[in-house]
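Novice: Build the 3D model from these lines:
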Amino acid sequence: MSTILEHPKAQELLDQTEVKPNTVRRCTEHLSRFINRYLPCFYRPEQRHHAAVILKGKLTGLQRKTTEPIAIEHGLKRRPLQQFVGAGGWSDDTVLGDLRRHVDAELGEPNGALVMDGSGFPKKGTASCGVARQWCGCLGKVDNCQVGVFLGYVAERGKALIDCQLYLPEDRANDSLHRNKTYVPKAIAFQEKWRIGLELVKTSGQEVTHGWVLGDDEFGRVIELRHELRQQDERYVLDVPCNTAVRDVSAGKSARFERVDQWAARQSKKRWKKVRLPGGAKGPRAVRVLQQVMPTKDEEQRLGPTDRVVVIKTVEAQPQVWYTVSNAVKDVPVAEVVKAHGRRHGIEELLEEGKQEVGLSHYEVRSWTGWHHHMTLTMLALWFVQLERLELGKKKSGANGLDDCGNLQGVAALANAQCG
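Specialist: Here you go, the predicted model:
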């Protein structure tokens, strides 16, 4: 049997990069082992074949990583692959459960962070499940889109997307015709995004070792979420809007509620503490931190928990500022709170990498099942990329894959030709 290195395209790939033959062989061997680990999650032989084809296709250099170009790349009919992704009788929970156990085995640590985040996917028309005019972060405006709530795991050694759920706007959730056309399960009712995020933490958080729950101000502004996380004994660091009201009880009985940004602006320089955080290739990053245990109110003036309010400001001419709340006990150094907060950006990087590298936003399915099947398979492909980064000791990938692997997508393309 011929080896992958004897394939006609192998030398072309090697000529375009500095990849050595052993590196190509190693990457393709990793991909084969990775796929074989997850194939038992699919019940029938044809499902396992389709899963392998889709995963390899997501790691190629295809401009669009939807089922049709992947099928063409493999010389297959598109309809069976579309059926597999759009309505296949396999379980997302089974696959993602295995992914979470894999992530925990590779990355799990007591200070690992579960990170909630929403992500929008622009769409034309109104036929897709959950599509509506709503805020789309990638466009920076209200537009026609679908929105998913994602849960990431970010630890010292790496990161991964580990769960997600499609958000149904209330009018869509209550529209029986839309539900029937897009096959929304009867058990699915309208939930605010923060409730979806909380449910993901409850279920998926049991399978990965963690010590923090993180989220941006879309989540942190919700008092009920903070109460629920406290009930579950989850330690959080959540961003809040700059107009969140706080009352500095250290100032005495005369203290009144005021905006947190106004409170921070009038504090003396002596109250700010400099903290150095682990950085990338440019070395440690310095931030200034201000903290005070204070009661809070939301934008509707409802009283929230008394939290550690931690203001984080970069040391720059035009600094970035984050206003956060945490229920971490006073024995936890503020540097640990700030370090945990820094991991929140890991999910933003994952979502961006997913869209750029493995086709997270490349799908044409319209049903509830199809959306979740697509996301599950894409999260698997992204996890493989993260594993290769761990294996190769690199922290950042290039535009088309991992730097040390030269062109990971090209390597996968060769694996397709050899194994497909």
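Novice: Pull the number of nearby residues for the residue lying closest to residue 121 once chain neighbours are set aside.
Specialist: What sits nearest to residue 121 in space, not counting adjacent residues and going by C-beta to C-beta, 6 or more residues apart in numbering, is residue 146, at 4.7 Å. In short, each C-beta sits where N, CA and C put it, glycine included. Residue 146 has 25 neighbours, counted by other C-beta atoms under 10 Å.
Novice: Now do the contacts for residue 146.
Specialist: Under the criterion of C-beta atoms under 8 Å, 6 or more residues apart in numbering, the contact list for residue 146 reads 120, 121, 123, 128, 129, 130, 131, 166, 167, 371.
Novice: And residue 71, by the same measure?
Specialist: Residues in contact with residue 71 (C-beta under 8 Å, 6+ apart) are 53, 77, 78, 81.
Novice: what separates it from residue 360, distance-wise?
Specialist: Per C-beta to C-beta, to the nearest Å, residue 71 is found 19 Å from residue 360.
Novice: Please name the bridge partners of residue 164.
Specialist: When bridges are called by DSSP bridges, residue 164 pairs up with residue 150.
Novice: So it sits against residue 152, correct?
Specialist: No: the criterion here is C-beta atoms under 8 Å, and residue 164 misses it with residue 152 at 9.5 Å.
Novice: picking up where we left off before, what remains of the contacts of residue 71 if I keep only buried residues?
Specialist: 53, 81 (16 or more other C-beta atoms under 10 Å).
Novice: quick check, nearest of the contacts of residue 71 to residue 192?
Specialist: Using C-beta to C-beta, residue 81 comes nearest to residue 192 of the contacts of residue 71, at 34.7 Å.
Novice: Check the closest one and give its pLDDT.
Specialist: At residue 81, the pLDDT value in this model is 95.
Novice: Next: residue 234.
Specialist: At residue 234, the model reports a pLDDT of 97.
Novice: Name the helix or strand for it, please.
Specialist: For residue 234, there is no host helix or strand (DSSP states H and E).
Novice: who touches it in this structure?
Specialist: 201, 205, 213.
Novice: Give me the below-cutoff pLDDT ranges for the stretch 201-350 of the chain.
Specialist: Low-confidence segments of the stretch 201-350 of the chain (pLDDT under 70): 279-284.
Novice: And the strands in it, which stretches?
Specialist: Secondary structure of the stretch 201-350 of the chain (DSSP state E, counting those that start in this stretch): strands at 212-215, 236-239, 245-246, 258-259, 273-277, 285-297, 303-314, 321-326.
Novice: measure the residue lying closest to residue 296 once chain neighbours are set aside to residue 258 for me?
Specialist: The shortest distance from residue 296 to any non-neighbouring residue, by C-beta to C-beta, 6+ apart, is to residue 304 (4.3 Å). Distance of residue 304 to residue 258, given as C-beta to C-beta: 15 Å.
Novice: And the strands in the stretch 51-200 of the chain?
Specialist: Using DSSP E, counting those that start in this stretch, strands in the stretch 51-200 of the chain cover 113-122, 132-136, 141-154, 159-167.
Novice: so for the second one, what's the average pLDDT?
Specialist: Here strand 132-136 scores 88 as its mean pLDDT.
Novice: can you check the third one too?
Specialist: If you average the pLDDT over strand 141-154, you get 94.
Novice: now do the last one
Specialist: Per-residue pLDDT values across strand 159-167 average out to 98.
Novice: okay, the angle between it and strand 141-154?
Specialist: Between strand 159-167 and strand 141-154, the angle comes out at 140 degrees (axes from the mean of the first three to the mean of the last three C-alpha atoms, to 10 degrees).
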